Structure formats: C-alpha cells, structure tokens
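Q: starting from these lines, generate the structure:
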Amino acid sequence: MSQSNDRSQAALRAVKGMNDMLPADAPLWERFEEAAAAAARAYGYRRIRTPIVEHTALFSRGIGQVTDIVEHEMYAFEDKAGKDGHREHLALRPESTASVVRAAIEHNLLYDGPQRLWYLGPMFRRERPQRGRTRQFHQFGIEALGYAGPDADAEVILLAKRLFDDLGVEDLRLEINSIGQPAERALHRVALIEYLEANEQLLDDDAKRRLHSNPLRILDTKNPGMQALVDAAPRIEDFLGDESRAHLEGVKARLTDAGVAFQVNPRLVRGLDYYNLTVFEWITESLGAQGTVCGGGRYDPLVAVLGGKPSPACGFAIGMERILELLRAKQPPVEPSCDVYIVHQGEPASRLAMRVAEGLRTVGLDVILHCAGPGGIGSFKSQMKRADASGAAFAVILGDDEVAANEATVKPLARDGADRGGVGQQRVALDALTVMLIDALVGNDDPDAFDDDARSDEEELQAAAESLPRKLPHEHH
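A: Predicted coordinates for the structure are as follows:
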C-alpha cells in the first residue's frame with residue numbers, strides 16, 4: 001500500500017452528527033453549566049448522574065415501544081456474550097428521565113420522601129443532523145419525584161424561566177396544555193381514531209403509520225397540508241374530568257401569580273408515553289423548525305411502569321445546543337484570559353519559572369507558563385506575543401539578570417483596556433511578587449495594605465489571597 005493511501009486512511013473524522021466541543025466554545029458551555037447548577041440549587045434540587053448505557057428495556061417500557069425514539073432513533077445493540085452465552089440488550093440513553101426514575105427505584109431514594117433532582121449530560125438519537133439537532137446532544141433536566149400538586153408543575157416551569165433570564169435568553173414563549181389522565185386519553189383516542197379513519201385520504205404516510213399505534217402524535221405534525229385536518233380533530237380538553245381541569249387551572253393560576261406569560265395550546269402533546277396532565281414547552285422563533293428549547297410536564301405513571309411504588313413526578317429537559325445557538329447569536333466570542341503569563345529564557349530561569357508558577361497558583365492565581373514547542377522555547381519577543389494573546393493581566397519575565405538578582409520583571413498587559421491599578425513595568429523581589437500581583441489585580445489603592453511588620457510572610461500572603469475575587473471559569477479580569 002502506498003504512503004499516500006496510509007495517510008488517507010489515518011485521516012479519521014468524528015462520527016456524523018457527533019460534534020467536538022472546541023476550546024473557543026468552552027466558556028459558553030461552562031457559562032450554561034454554571035447557570036444551570038445555580039438555578040437548580042436556588043430551588044433545592046440536587047444533582048444525580050446516571051450511566052450513559054442502560055438496558056434497552058428501560059426505554060422500551062418507559063418511553064413506549066411504538067414511539068419514534070425506540071423504533072427508529074435509539075442506538076441499541078447486543079453486548080458481547082458472557083461466560084454463560086447470554087447477551088445483554090443495551091442502549092445509549094436517548095433521554096434521562098427514565099434513567100433517573102430507574103435510579104430512584106433501584107436505590108430506594110423515595111423512601112426518605114420526595115426528591116428534587118437535576119442532571120446534565122449527553123444523550124444519543126440517530127436523527128438526521130441539522131441546525132439545533134445532533135446525534136449526540138446534551139440536556140439539562142429537572143425531575144421532581146413524589147410531588148403531586150400543580151405547585152410542583154409551576155415550580156419547574158419557573159426554574160426554567162429563571163435559568164433563561166440568568167443567561168439573558170430572550171424572545172421565548174411558553175405554551176402549556178393538559179393531556180389528562182390515561183382513562184381520559186383513552187376516550188379521546190377512540191374519538192380521534194374514528195375521526196382520522198374517516199379522513200384517512202388526507203393523512204400523509206407518517207400519519208397513516210401512527211394512526212393506530214400513536215394517534216396523539218399526529219396532532220403534532222409539521223406537515224402544512226394536514227393543519228386544517230388537525231385543527232378540526234377532537235380535542236383532549238373536551239374529555240378532561242373535573243380533577244384534570246382543576247390541576248391545569250392550578251398551574252395557570254400560579255404562573256399568573258408569578259407574572260409569567262403563557263398561552264394554552266390545545267394541540268400541544270408529548271411524544272413519550274409516560275406523560276399525563278400538564279405538558280409545556282418553551283419555544284423560540286430564532287432556530288427555524290427546531291424551535292423547542294425546553295419540553296416537560298407531569299409523568300405520574302412512569303415510576304410504577306418501571307417497577308416502583310406508584311409515585312407522582314414532573315420535570316423538564318433543556319437542549320443545551322439550542323440554547324447555546326441563541327447565546328452565540330447575541331454575544332461576542334469570549335476571549336481567553338488568565339492572571340499571569342510567565343516568560344523566561346535560559347535553563348536556570350526555566351526551572352525558576354516553574355517554581356514561581358506553582359507558588360502563584362497556590363494562592364489562587366491563574367497562570368500560564370510558557371513551554372517549549374517543536375522549535376524550542378522561542379525568543380523573548382515571540383513569547384511576549386503569546387503573552388499578549390493569552391489575555392493575561394500581567395507578564396512575569398525571568399531571564400539571567402532576574403535569576404542573578406532573585407527578582408522578576410512584571411509587565412502589565414492592558415490589551416483589554418483594564419486598569420492595572422496604575423502599575424507600570426517594574427522589577428520586583430521574588431519574595432514580594434505574590435503580594436504585589438494580588439494587590440494589583442484587586443485594584444488596592446493602599447500601598448501598605450499588605451505591608452504590616454507585625455504580620456508574618458504567611459499571614460501577609462493569606463491576607464492577599466483572601467482579597468482576590470472568587471472567580472467563575474467564565475469571568476475575566
């Protein structure tokens with residue numbers, strides 16, 4: 001085989017629809033993750049992590065055997081045979097609600113009472129990749145287990161809104177509906193099938209396939225040619241009993257009390273079998289056909305379906321990629337940033353530079369140490385170009401002169417226009433370097449703030465370090 005063929009075979013690419021998250025995008029992902037965790041904490045939710053791989057039966061039982069997810073989209077496979085020859089049927093999780101409920105049942109979490117849980121991680125569905133839809137995608141989700149009233153439904157909706165507000169995501173609308181209880185849906189299903197059978201000539205192929213297996217999903221069709229048919233179809237609201245109507249009114253009242261605008265969409269349904277009563281979606285017009293950024297509702301039957309003691313539950317899932325698309329459209333890329341970039345030349349300076357970097361990191365500073373590339377360490381000039389590009393507040397320069405004098409040259413890098421506390425380029429004794437940098441970074445105007453003869457060096461460093469603002473990964477100096 002030729003050398004060129006060897007090279008072409010080595011040029012591997014990511015699996016279609018499974019995308020890399022590159023360093024330039026990391027700050028935006030981190031911002032979402034931090035905001036999601038903060039919103040969950042604000043409502044008393046605790047994090048749960050479940051495996052990416054589960055038994056296929058979990059989803060066929062929980063989601064529904066005749067749903068698109070299980071029939072067409074789920075990555076399911078047989079594991080290698082064990083010593084007894086048995087092969088387990090496994091799947092990459094297409095969603096996390098069933099996994100969270102499985103974990104709650106398996107570990108008896110509801111024994112201690114209701115649970116407020118949240119998760120964040122990758123899901124997998126073999127769909128046609130397009131804007132806002134990938135085969136590996138990420139979701140942030142909330143699951144309120146053991147709560148039966150409309151207050152829990154309203155709370156999870158308000159949690160989602162708070163997260164969107166914290167992120168600055170605008171132009172979202174909230175749609176809600178009630179799909180009632182199973183007995184009410186059964187009556188509606190009979191009437192719906194009769195209506196659709198009478199108009200079967202107007203159904204597209206997808207609707208004909210779902211006519212008897214999952215007719216409710218036909219109401220969610222995106223086919224413009226079927227909208228008039230769908231609009232005239234029997235509505236679930238006409239089959240709701242008093243309790244289901246009261247539950248929906250309770251949700252609406254609490255949203256109104258909180259000042260949250262919403263509209264009731266009688267055609268809003270959920271594609272998964274385990275939902276009942278409240279369903280809702282947060283929708284944007286900015287992403288084309290993939291406009292739903294958050295979907296959720298109540299799923300009281302699921303715990304019993306998966307083998308647990310019957311227990312009410314509700315929650316939602318937010319598609320992270322879709323929210324990040326909205327954030328990218330309105331916010332400039334985040335520049336890289338750190339506190340200090342250390343530039344050095346010569347073997348003694350190189351060894352000293354690493355010790356200085358570790359000392360600065362110990363007190364909480366973010367430090368980039370220039371390291372040698374394929375062509376060597378590079379000149380001071382080339383290293384300073386790297387320092388400027390890093391977004392660092394200061395460059396700390398170490399060369400033969402500095403090593404001999406036990407000093408460092410500190411140069412402010414005001415590339416972002418930030419005030420460095422009036423600090424100009426200067427030589428600083430190494431034992432004073434940490435305090436000097438922290439003093440400059442926090443903008444302290446008192447030159448004697450960390451200079452107290454009565455305090456030890458350790459106490460002075462501690463006081464300086466405590467003056468540093470607590471930083472989140474997306475914040476910059």
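Q: all strands of the stretch 101-250 of the chain, in order?
A: Using DSSP state E, counting those that start in this stretch, the strands found in the stretch 101-250 of the chain span residues 115-124, 136-145, 172-178.
Q: what residues are up against Met320?
A: Met320 is in contact with Trp29, Phe32, Leu120, Phe137, His138, Gln139, Phe140, counting by C-beta atoms under 8 Å, 6 or more residues apart in numbering. Where C-beta positions appear, they are placed from N, C-alpha and C, glycine not excepted.
Q: now, which of these sits nearest Lys381?
A: When the contacts of Met320 are compared for distance to Lys381 (C-beta to C-beta), Trp29 wins out at 34.4 Å.
Q: that closest one sits in which helix or strand?
A: helix 26-42 (DSSP states H and E).
Q: direction included, what does the next helix or strand after that helix pair up with?
A: Downstream of helix 26-42, the next assigned helix or strand under DSSP H and E is strand 46-47. Each strand paired with strand 46-47, and its direction, by DSSP bridges: strand 115-124 (parallel).
Q: how close does the nearest residue to Pro114 once chain neighbours are set aside sit to Ala313?
A: Distances taken as C-beta to C-beta, 6 or more residues apart in numbering place Gly146 nearest to Pro114, at 3.0 Å, with adjacent residues excluded. According to C-beta to C-beta, to the nearest Å, Gly146 stands 7 Å off from Ala313.
Q: of the two, give the one with the bigger neighbour count.
A: Ala313 (26 against 17; other C-beta atoms under 10 Å).
Q: can you give me phi and psi for that one?
A: Dihedral angles of Ala313 (phi, psi; degrees, to the nearest 10) stand at phi -170, psi 150.
Q: and the closest residue to Lys80 other than its chain neighbours, what does it touch?
A: Once flanking residues are discounted, Lys80 sits nearest to Arg87: 7.2 Å by C-beta to C-beta, 6+ apart. Going by C-beta under 8 Å, 6+ apart, Arg87 touches Glu78, Asp79, Lys80, Ala81.
Q: so which of those belong to helices?
A: Using DSSP state H, no member of these sits in helices.
Q: just the closest of the residues you listed to Ala103, please.
A: Nearest to Ala103 among the contacts of Arg87 is Asp79, at 20.1 Å by C-beta to C-beta.
Q: any idea how far the closest one lies from Thr56?
A: Distance from Asp79 to Thr56, by C-beta to C-beta: 10 Å.
Q: the two: who's more crowded?
A: Between Asp79 and Thr56, counted using other C-beta under 10 Å, Thr56 has the larger neighbour count: 19 against 12.
Q: what about Asp171, how many residues nearby?
A: 10.
Q: quick check: phi and psi on the residue lying closest to it once chain neighbours are set aside?
A: Of all residues not flanking Asp171 in the chain, Thr284 sits nearest, at 6.0 Å (C-beta to C-beta, 6+ apart). Dihedral angles of Thr284 (phi, psi; degrees, to the nearest 10) stand at phi -120, psi 150.
Q: with the one 3 residues further on instead?
A: In terms of degrees, to the nearest 10, the main-chain angles of Leu287 are phi -120, psi 20.
Q: next, count neighbours for it.
A: Using other C-beta under 10 Å, Leu287 is surrounded by 20 other residues.
Q: wouldn't it be in contact with Ile323 here?
A: No. Applying C-beta atoms under 8 Å as the test, Leu287 and Ile323 come out as separate, 9.8 Å apart.
Q: where do the contact lists of those two overlap?
A: Listed as contacting both Leu287 and Ile323 by C-beta under 8 Å, 6+ apart are Val293.
Q: can you pull the domain assignment for this structure?
A: 13-180+240-330, 340-467 (automatic domain parsing).
Q: out of those, which gets the lowest mean score?
A: Lowest mean pLDDT within the domains of the chain: domain 340-467, at a mean of 80.
Q: circling back to that earlier point, between the contacts of Arg87, which sits nearest Pro234?
A: Nearest to Pro234 among the contacts of Arg87, counting by C-beta to C-beta, is Glu78 at 42.0 Å.
Q: how much space separates that closest one from Thr56?
A: 9 Å.
Q: how many other residues sit next to Ala408?
A: Using other C-beta under 10 Å, the number of residues around Ala408 comes to 28.
Q: so which strand or helix has it?
A: Assigned by DSSP H and E, Ala408 falls in strand 407-412.
Q: what residues sit buried inside the next helix-or-strand element following that strand?
A: Per DSSP H and E, the first helix or strand lying C-terminal to strand 407-412 is strand 426-429. Neighbour counts over strand 426-429 (16 or more other C-beta atoms under 10 Å) mark Val428 as buried.
Q: cool, stretch 95-112 as well?
A: By 16+ other C-beta under 10 Å, the buried positions in stretch 95-112 come out as 95-105, 109-110.
Q: tell me what Arg116 is bridged to.
A: For Arg116, the beta-bridge partners under DSSP bridges are Ala144.
Q: wait, doesn't it sit right on Arg46?
A: Yes. Counting by C-beta under 8 Å, Arg116 does reach Arg46; the two are 6.6 Å apart.
Q: compare these two (neighbour count), which wins?
A: Remark: of Arg116 and Arg46, Arg116 carries more neighbours, 20 against 10, as counted by other C-beta under 10 Å.
Q: contact partners for that one?
A: Counting by C-beta under 8 Å, 6+ apart, Arg116 touches Tyr43, Gly44, Tyr45, Arg46, Ile142, Glu143, Ala144, Leu145.
Q: do Gln115 as well
A: Residues near Gln115 by C-beta under 8 Å, 6+ apart: Arg46, Ala104, Leu109, Glu143, Ala144, Leu145, Gly146.
Q: okay, it and Gly141: tell me how far apart.
A: Applying C-beta to C-beta, the value for Gln115 to Gly141 is 14 Å.
Q: what does Thr362 give?
A: Distance from Thr362 to Gly141, counting by C-beta to C-beta: 37 Å.
Q: of those two, who's got more company?
A: Neighbours per residue (other C-beta under 10 Å) separate Thr362 from Gly141, with Gly141 holding more: 25 against 11.
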